[in-house]
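> dropping a prediction and its sequence here:
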Amino acid sequence: MNIKIKVNGQLRSVEVEHNTTLLQVIRKDLNITSPKSGCEKGECGACTVLLDGKPITSCLVLAFTVDGSEITTLEGITPKDGLNPIQKGLINAGGIQCGFCTPGFIMSGHNFFSKKEDFTIDELKRALSGNLCRCTGYKKIVDGMLLAAKEMGIKVKK
Amino acid sequence: MNKIFVNVENLADLLSIKGQYGKKGIIISGGTDIVVRMKNNMIDPEVLISIKKLAELKGIVARKTKVIIGAGTSLDEIENSTLIKENYYPLYQAVFNMASPQLRNMGTIGGNIGNASPAGDTIPPLFLMDAEIILYSKKGKRSISVTEFFKGPGKTVMRDDEIIHSIILKNNYLTEKNSGYIKVGQRNALAISIASVAYFKDKKYKRFAFGSVSPIIHLIELKFGLSDEQLLKEIESYITPIDDVRATKEYRKQVIINLVKDIYF
Ligand SMILES: Cc1cc2nc3c(=O)[nH]c(=O)nc-3n(C[C@H](O)[C@H](O)[C@H](O)COP(=O)(O)OP(=O)(O)OC[C@H]3O[C@@H](n4cnc5c(N)ncnc54)[C@H](O)[C@@H]3O)c2cc1C
Ligand code: FES
Ligand code: FES
């Protein structure tokens, strides 16, 4: 089946089989490589992208079912030359080690902050609970997100 | 063999395609169960019918004393509905603790019911709500009580030409004060439950529905003033758990007994 999807604002047309996943389309057909293939069963969040504005694990989405949808990856929320606030926050807080989990965390964090004027740390942790990291121990990732929130003018509620 | 895979955009098309292919026509909603099963080579569907784009099956509406949830409504939408949180608290709590943010955006209540797992978190709360499952086929519509719908793990009364259209919730008095859903899992995000209980407490009686500890879920009503022993006797026959990779049956049984005692006494 031929599907048309809008990826980071660009209309793309791809030929897919019944069992082709959205992650395969993004990485192999479109050569956009920030979403990672980790567990391939919805548990690690490394493949997180926004589907019509909401974070989903693209390894569990069959591509044919999202014909006509909009997809956003890390590439789509990053300025051409430079870094977005979450990338900067994670770097400055030491929230990136091997980096495999990072794009997924950024997509979850980006979606969380895009809907908030203020937030609690528990809400933030809950928003990140579908992303696993085997290196950092999470504290530094949360610290990095907090730095990003500060830069974006989003406040922490007590 | 060539695979057939389609997106349906209206109910009439869905019923006609499902009627045509019957058992072979596998419905995919959020896909969070189906795709995992395809990847594990547990199933190899010849015909996949996606209802992701079917707007008619989505949304939550109030009708007098009832609430109707479309089968294609995402778990996330249920979690964020004040209607559900204020009147059907156990369902809110169940959904709040399911899977992960990503999975709640993808997974649907129709998929959780269609999967018919004794560990399906939305199911025990539906027993407290006297819920009705509305099924459609080309031949028409029928309404089945949740107490009649499930016939064992992965088994329901649904015919091969039928689809789940919506779920009707009754008993709109289940608030944070008198009811809830407690799930014991291995860790919070992403854990499939080991044992769970949906409960409602009134002045005269208490109602329970257990998840993950028997092949079929039952609604149990207990009077006030039972002794420890009487309580055990009343609930014991409803707890027939299995051993699996997540827990032993003895552990599951003890977890449920402790939960019920906590709620009852
Ligand atoms: C990492 C992970 C964590 C999970 N955690 C939990 C958890 O905590 N609690 C829990 O209960 N579940 C959990 N699940 C299981 C799953 O996410 C849920 O059961 C979800 O609600 C399934 O919905 P879906 O729309 O994705 O189902 P699908 O995979 O689309 O469908 C599931 C089944 O229902 C059938 N079906 C779907 N819609 C209809 C319809 N309208 N009419 C007829 N049949 C239909 C399908 O044919 C299929 O047999 C988890 C899954 C994963 C991968
Ligand atoms: S690769 Fe998709 S969740 Fe792990
Ligand atoms: S930095 Fe290595 S997995 Fe998170």
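All right, it came through fine. Numbering: from 1, shown residues only, chains lettered A, B, ... in the order given. Ligands and ions are numbered 1, 2, ... in the order given.
> for the residue nearest to the spatial centre of chain A, list the residues it contacts.
The residue at the geometric middle of chain A, judged as the C-alpha nearest the mean C-alpha position with CA atoms, centre = their mean, is A:Met107 (2.5 Å). By CB atoms under 8 Å, 6 or more residues apart in numbering or on different chains, the contact set of A:Met107 is A:Thr48, A:Val49, A:Leu50, A:Pro55, A:Thr72, A:Thr73, A:Leu74, A:Ile77. All C-beta atoms are positioned from the backbone trio N, CA, C, and that covers glycine.
> among the residues you listed, which are located in helices?
Nothing among the contacts of A:Met107 maps onto helices, per DSSP state H.
> picking that back up, just the element for the residue nearest to the centre of chain A, please.
helix A:102-114 (DSSP states H and E).
> can you name the residue of chain B nearest chain A?
Closest residue of chain B to chain A, CB to the nearest CB: B:Ser100 (2.7 Å).
> elements contacting the longest helix anywhere in chain B?
Longest helix in chain B by number of residues (criterion: DSSP H): helix B:249-264. Secondary structure elements in contact with helix B:249-264, counted by 3 or more CB pairs under 8 Å, 6 or more residues apart in numbering or on different chains; DSSP states H and E, are strand B:179-184, strand B:195-201, strand B:205-211, helix B:228-236.
> from the chain's centre, how far out does the second one sit?
Put plainly, it is strand B:195-201. Relative to the centre of its chain, strand B:195-201 is centred 14 Å away, using CA atoms, centre = their mean, to the nearest Å.
> over to stretch B:209-221?
A distance of 12 Å separates the C-alpha centroid of stretch B:209-221 from that of its chain, computed with CA atoms, centre = their mean.
> start to end distance for that stretch?
Its start and end residues considered, stretch B:209-221 measures 9 Å (CA to CA, to the nearest Å).
> buried ones in that stretch?
Under the neighbour-count criterion of 16 or more other CB atoms under 10 Å in any protein chain shown, stretch B:209-221 has B:Ala209, B:Phe210, B:Gly211, B:Ser212, B:Val213, B:Ser214, B:Ile217, B:Leu219, B:Ile220 buried.
> just put these in a markdown table and tack on distance to ligand 3 and pLDDT.
Formatted as a markdown table, the entries for the buried residues of stretch B:209-221 read as follows, by distance: CB to the nearest ligand atom, whole Å; pLDDT from 0 to 100:
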| residue | distance to ligand 3 | pLDDT |
| --- | --- | --- |
| B:Ala209 | 39 | 93 |
| B:Phe210 | 37 | 89 |
| B:Gly211 | 32 | 87 |
| B:Ser212 | 31 | 83 |
| B:Val213 | 35 | 82 |
| B:Ser214 | 39 | 84 |
| B:Ile217 | 38 | 89 |
| B:Leu219 | 44 | 91 |
| B:Ile220 | 44 | 91 |
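> and which of those residues is nearest B:Leu11?
Within those, distances to B:Leu11 taken as CB to CB reach their minimum at B:Ile217, with 28.7 Å.
> pretty sure the closest one sits in a helix.
No. Per DSSP: H, G, I helix; E, B strand; the rest coil, B:Ile217 lies outside any helix segment and is coil.
> touching, it and B:Ala209? I think so.
Yes. When contacts are counted by CB atoms under 8 Å, B:Ile217 is listed as touching B:Ala209 (5.5 Å).
> next up, the contacts around B:Pro101.
Counting by CB under 8 Å, 6+ apart, B:Pro101 has contacts A:Pro55, A:Ser108, A:Arg126, A:Ala127, A:Ser129, A:Gly130, B:Asp76.
> still on that earlier bit, quick check: buried residues in the helix holding A:Met107?
The neighbour-count check on helix A:102-114 (16+ other CB under 10 Å) flags A:Thr102, A:Pro103, A:Gly104, A:Phe105, A:Ile106, A:Met107, A:Ser108, A:Gly109, A:His110, A:Asn111, A:Phe112, A:Phe113 as buried.
> same thing with stretch A:132-141?
Counting neighbours by 16+ other CB under 10 Å, one finds that the buried residues in stretch A:132-141 are A:Leu132, A:Cys133, A:Thr136, A:Lys140, A:Ile141.
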